[in-house]
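1. Return atomic coordinates for the entry below.
(4 chains)
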Protein chains: 2
Amino acid sequence: MSQSVSRALHLLVQLGNGPANLDQLAESTGVHKTTVLRLLRTLSDERFTFRDNSNQYHLGSRIFELAAQATDQREVRRIASPHLVAFNREYGRTTHLAAMEGGDVVYIDKLESHDQIRMYSRIGLRANLNSTAVAKVILADLPDSELRTVVDSMDFSSRTANTITTPERYLEEIRLVREQGWAHDQEENEPSVNCIGVPIRGASGRVVAAVSVSVPDVVLSYERVLDLLEPLQAVGARISRDCGYRAQP
Amino acid sequence: MSQSVSRALHLLVQLGNGPANLDQLAESTGVHKTTVLRLLRTLSDERFTFRDNSNQYHLGSRIFELAAQATDQREVRRIASPHLVAFNREYGRTTHLAAMEGGDVVYIDKLESHDQIRMYSRIGLRANLNSTAVAKVILADLPDSELRTVVDSMDFSSRTANTITTPERYLEEIRLVREQGWAHDQEENEPSVNCIGVPIRGASGRVVAAVSVSVPDVVLSYERVLDLLEPLQAVGARISRDCGYRAQP
DNA sequence: TGCTACGTTGCGCTCTATGCAACGGTGATT
DNA sequence: AATCACCGTTGCATAGAGCGCAACGTAGCA
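-> Predicted structure coming up:
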């Protein structure tokens, strides 16, 4: 469909067979040397390729980065599952696993609480960015520039008296989350429901998902929910480890 | 430099953050939705991305393939080194490690024999495609279409009386190599020098390099060189294993 | 010192890639 | 059940991006 893109991709595939120089790539892809040079420049700008001292082109670090991230994404749910089940069995609280999809934070797994009370949430549903612990945890890992973009187009509609409704207040909250490494939601998303969330990191070191527990305050007060923080962090660490994350890389 | 390529790469980077649909990608990259669609089609054609049932785009299998291949390439020399040293210490023969670079097969490591005789070869030097065991082993792993291309533009100049000088004869030889899993060079590259080579496979399953031993017939007859085949295959298997290769995937 | 091989650049033309506007299907909402 | 909104998709016409050519520069080799 798109000629130059197609050609660039063929170059990458070709480099998969081993390093090569301009002429070799030009011949094996049937593209003019000049064009190959310019395509490789673009590829190199984005670290999809690089050139060594002897003018040989190689596949670049971005390929590894993307592969690591993609693996993380594909695997989290499967890897997290047993840990979430164990956690849910022991503490019996509503447990959510959420991940970034496009501009949204989406619930990708959910375990119900053992008591009668059910939360309104469903796998596949979008989590409110401004009022949930999982969203805070995930957004906190974004670089500032991207965070800005997301926050700028965020819907700050109020869901309870505690909902954060301004960008300024939200960015402050994100600062806190970054500092302490976990997030809370004190009746911000649903009245009388408190929630805490922790990040899951993958082999790439980036946050790939978040786990949270939600508890109605008729069951546990906010202070008692905080007792769950330590075990929740432990679960998060275990899942991260299984996803290939190594602390302080 | 190249607008559409640059945009396509940004899409890949964006998808590294998680799956996304058209509109989300259009917004995050600042490119018109229509254009994003067309770029993604090209990317999907080459398996760099794919689309799931709910129209979410994800990073595709090609990324993993490339990452695996690139890792293989980067690591072979380092991984092979101790094995080659051990083999060379035990059998004392000239040992070569070669890999595909561009359209060439290049020596990427060499260990000298313990006797006085030295071969004319050097790390970085290109191996003759039509007359060396390492080249035969590496080319034998190429898909037929690529093999054809290489053979068509191959230099079949004769180096000894035994050198293969026709494409037909060479393709026949490759068939043999594929069948038996190793290659020989009976005084085809240098007069009075016999050689056998075996493949190294990486995590991707593809041949990423080849190891060979070369012995002047004043030192060992061709038949005695064949005694080295089994230990050489063992070394090849060990290196392959360390490169992440798992037999019969 | 001359030669060859290869990376690189400027230029002008062509064809590709792009944005627009409109269509159609699907799923959510009331 | 009906309507609406959302989102993927297509045809078209234009702009300008990408292309190949030819020439230059340079490094390595004989």
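
2. what's the distance between A:Ile63 and B:Val5?
-> Going from A:Ile63 to B:Val5 by CB to CB, to the nearest Å gives 15 Å. From N, CA and C alone the C-beta is placed, and that goes for glycine too.

3. Give me the spatial nearest neighbour of A:Leu43, chain neighbours excluded.
-> A:Thr49 (4.3 Å; CB to CB, 6 or more residues apart in numbering or on different chains).

4. In chain A, where's the longest helix?
-> For chain A, the helix that runs over the most residues, judged by DSSP state H, is helix A:61-91.

5. Report the contact partners of A:Pro191.
-> Shown in contact with A:Pro191 (CB atoms under 8 Å, 6 or more residues apart in numbering or on different chains): A:Thr160, A:Ala161.

6. if you set the cut-off to 6 Å instead, what comes out?
-> Under the criterion of CB atoms under 6 Å, 6 or more residues apart in numbering or on different chains, the neighbours of A:Pro191 are A:Thr160.

7. any weak-confidence spans in chain A?
-> Applying pLDDT under 70 to chain A flags residues A:1, A:102, A:116-122, A:124, A:248-249.

8. which SSE is the residue nearest the centre of it in?
-> By CA atoms, centre = their mean, chain A has its centre lying nearest to A:Val208, at 3.0 Å. With elements taken from DSSP states H and E, the one containing A:Val208 is strand A:207-216.

9. touching chain B at all, that strand?
-> No: using CB under 6 Å from any CB of the partner chain, strand A:207-216 stays clear of chain B, coming no nearer than 7.9 Å.

10. What of stretch A:67-74?
-> Yes: Stretch A:67-74 lies within reach of chain B by CB under 6 Å from any CB, at A:Ala67, A:Gln69, A:Ala70, A:Gln73.

11. A:Lys110: which of those is nearest?
-> Using CB to CB, A:Gln73 is the member of the residues of stretch A:67-74 next to chain B that sits closest to A:Lys110, with 18.1 Å.

12. ok, now how distant is the closest one from B:Pro19?
-> A:Gln73 is 7 Å from B:Pro19, by CB to CB.

13. Tell me which stretches of chain A form strands.
-> With DSSP state E applied, chain A shows strands at A:49-51, A:57-59, A:94-101, A:104-111, A:126-127, A:183-186, A:193-201, A:207-216, listed in chain order.

14. Include distance to A:Cys243 when you put the ones you listed into JSON lines, please.
-> Listed next are the strands of chain A as JSON lines, based on distance: least, CB to CB, whole Å:
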{"stretch": "strand A:49-51", "distance to A:Cys243": "28"}
{"stretch": "strand A:57-59", "distance to A:Cys243": "24"}
{"stretch": "strand A:94-101", "distance to A:Cys243": "12"}
{"stretch": "strand A:104-111", "distance to A:Cys243": "13"}
{"stretch": "strand A:126-127", "distance to A:Cys243": "20"}
{"stretch": "strand A:183-186", "distance to A:Cys243": "19"}
{"stretch": "strand A:193-201", "distance to A:Cys243": "6"}
{"stretch": "strand A:207-216", "distance to A:Cys243": "7"}
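
15. For DNA strand C, which of those strands is the nearest?
-> Proximity to DNA strand C, assessed across these by CB to the nearest atom of the strand, is greatest for strand A:49-51 (7.5 Å).

16. Buried by neighbour count: which residues of the closest one qualify?
-> Neighbour counts using 16 or more other CB atoms under 10 Å in any protein chain shown place A:Thr49, A:Arg51 of strand A:49-51 among the buried residues.

17. do the same with stretch A:168-175
-> Buried, per 16+ other CB under 10 Å, within stretch A:168-175: A:Tyr170, A:Glu173, A:Ile174.

18. one step back: next up, the contacts around the residue nearest to the centre of chain A.
-> Contacts for A:Val208 were tallied using CB under 6 Å, 6+ apart; they are A:Asp72, A:Val76, A:Ile200, A:Gly202.

19. export those residues to CSV and tack on neighbour count and distance to B:Leu25?
-> Below are those laid out as CSV (neighbours: other CB atoms under 10 Å in any protein chain shown; distance: CB to CB, whole Å):
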residue, neighbour count, distance to B:Leu25
A:Asp72, 27, 19
A:Val76, 23, 21
A:Ile200, 29, 24
A:Gly202, 24, 21
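
20. Having no further points to raise, I will conclude here.
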